[in-house]
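K.L.:
Fold the following, please.
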Amino acid sequence: WMLQEPGATAFIGCIGSDSFSVKMREACDDSGVKSLYMVDDSTPTGCCACLICGVERAMCVNLQAARNYSVNHLRRRDVWQHIEQARLIYTTLNFPSDAIRMAAFEAKERGSLFCMNLTAPTWMMNPSFKSLLAEMLPYIDVLFGNEKEALTWAASEHWETVDVNFIALRLSLVPSLKLRKRIVVVTQ
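P.N.:
Predicted coordinates:
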């Protein structure tokens with residue numbers, strides 16, 4: 001989509017079989033994004049409501065079918081080939097941990113960029129999400145987050161600082177398993 005080259009990007013995830021899934025497919029098609037969806041006929045497609053007021057925003061997420069993504073779908077040859085060919089992989093923590101690991105390991109093996117975001121503070125305080133993010137940090141080339149997420153990470157690591165610039169610097173210095181330096185982007 002950002003490359004303005006149809007088919008240059010792909011989106012992998014799980015959707016239901018409903019009007020939201022139709023809208024998601026249409027949006028991807030209209031933007032030239034190849035959709036590689038696993039379809040769960042028993043669960044509705046997830047949705048997200050965003051409230052924006054000036055510079056403030058709030059999101060309410062209902063993951064629904066997205067929670068049911070199976071790593072077996074990622075292993076399918078017609079899906080996995082897109083991971084193998086990707087120059088950049090971006091994922092979030094609401095993807096199955098095994099799928100995140102597979103993508104991270106493949107990105108490292110092929111020299112592709114692997115990007116993730118710090119997650120909502122409530123998710124970050126969940127030990128399983130926090131430990132997965134900590135495990136993936138050495139594979140991450142570009143880490144995104146907002147100030148609140150950065151502050152939550154620092155508090156969870158007992159860094160005893162509220163200096164967001166310092167937190168970003170410290171996150172960038174977590175040892176990497178790659179030759180390139182990690183970029184950390186913290187928004188307001």
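K.L.:
so what pLDDT did Trp1 get?
P.N.:
Here the pLDDT value assigned to Trp1 is 58.
K.L.:
Repeat that for the one 3 residues further on.
P.N.:
If you check Gln4, the pLDDT there is 79.
K.L.:
cool, and Glu56?
P.N.:
Glu56 carries a pLDDT value of 82.
K.L.:
Name whatever forms a beta bridge with it.
P.N.:
Cys53 (DSSP bridges).
K.L.:
how far away is Glu5 from Lys34?
P.N.:
11 Å (Cβ to Cβ, to the nearest Å). For glycine as for every other residue, the C-beta is placed from the backbone atoms N, C-alpha and C.
K.L.:
out of those two, which sits in the busier spot?
P.N.:
Lys34 (14 against 9; other Cβ atoms under 10 Å).
K.L.:
In which helix or strand does the residue nearest to that one when sequence neighbours are not counted reside?
P.N.:
In this structure, Lys34 finds its nearest non-sequential neighbour in Ala10, 4.2 Å apart by Cβ to Cβ, 6 or more residues apart in numbering. Using DSSP states H and E, Ala10 sits in strand 9-15.
K.L.:
Buried residues in that strand, which are they?
P.N.:
Using 16 or more other Cβ atoms under 10 Å as the test for burial, strand 9-15 gives 9-15.
K.L.:
Can you pull out the low-pLDDT segments for the protein?
P.N.:
For the chain, the stretches with pLDDT under 70 are 1-2.
K.L.:
ok, which stretches of it are helices?
P.N.:
Listed in chain order, the helices of the chain (DSSP state H) span 19-31, 71-75, 77-85, 97-110, 121-124, 127-136, 147-156, 164-172.
K.L.:
and the third one, how far from the chain's centre?
P.N.:
Distance of helix 77-85 from its chain centroid, counting by Cα atoms, centre = their mean, to the nearest Å, is 17 Å.
K.L.:
neighbours of Asn62, just the number please.
P.N.:
Neighbour tally, Asn62, other Cβ under 10 Å: 12.
K.L.:
That one and Gln188: what is the separation?
P.N.:
Plainly put, Asn62 is 26 Å away from Gln188 if you go by Cβ to Cβ.
K.L.:
and what of Glu84?
P.N.:
36 Å.
K.L.:
Give me the more crowded residue out of those two.
P.N.:
Glu84 (11 against 8).
K.L.:
For that one, list the residues it contacts.
P.N.:
Counting by Cβ atoms under 8 Å, 6 or more residues apart in numbering, Glu84 makes contact with 106, 110.
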